[in-house]
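>>> Give me coordinates for this.
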Amino acid sequence: MVCFEVDIMTDMRNWQSVIVFGRFEELKGKQAQKARELLFGHVFPLLTSSTIHPFEHEVRGKVDDKTRVKYVMYRIRIKKITGRFEKQ
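Take a look at the predicted model:
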């Protein structure tokens, strides 16, 4: 069982908090590739400015895969969601 919390706070009287409880699942193969494409193709551009283009660069030479950071894609199979807020 894992939990994941997201908080948004404008000030001490305006905030929201959500906690998700569930089961951690590492994605592999085609599932991981599909999740990565979704994240970097749809979600990631919303979080960055228009001057950042993480995949628009040319790679020259051979990439040494031994030293490259490998990504891990995962999901949480949701069992329970709870949250609180204050808005004034």
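>>> Can you tell me the element Lys34 falls in?
Secondary structure assignment for Lys34, by DSSP states H and E: helix 29-38.
>>> Give me the residues contacting that helix.
Helix 29-38 is contacted by residues 27, 71, 73, 75 when judged by Cβ atoms under 8 Å, 6 or more residues apart in numbering. No exception for glycine: its C-beta is placed from N, CA and C like everyone else's.
>>> how many neighbours does the first one have?
If you count neighbours by other Cβ atoms under 10 Å, Leu27 ends up with 15.
>>> which one is it nearest to, not counting chain neighbours?
Spatial nearest neighbour of Leu27, chain neighbours left out: Met73 (4.3 Å); criterion: Cβ to Cβ, 6 or more residues apart in numbering.
>>> Can you give me the pLDDT of the one you found?
We have a pLDDT of 90 for Met73.
>>> give the contact list for it.
Per Cβ under 8 Å, 6+ apart, neighbours of Met73: 26-27, 31-32, 35-36, 39.
>>> Let me know the distance separating it from Thr67.
Met73 sits 21 Å away from Thr67, going by Cβ to Cβ, to the nearest Å.
>>> same deal with Gly29?
Here Gly29 is placed at a distance of 23 Å from Thr67 (Cβ to Cβ).
>>> Can you pull up the most central residue in this protein?
Nearest to the mean C-alpha position of the chain, by Cα atoms, centre = their mean, lies Leu39 at 6.9 Å.
>>> ok, for it, nearest residue in space, not its chain neighbours?
Nearest non-adjacent residue to Leu39 (Cβ to Cβ, 6+ apart): Met73, at 7.7 Å.
>>> How much space separates that neighbour from Lys87?
With Cβ to Cβ as the criterion, Met73 and Lys87 are 34 Å apart.
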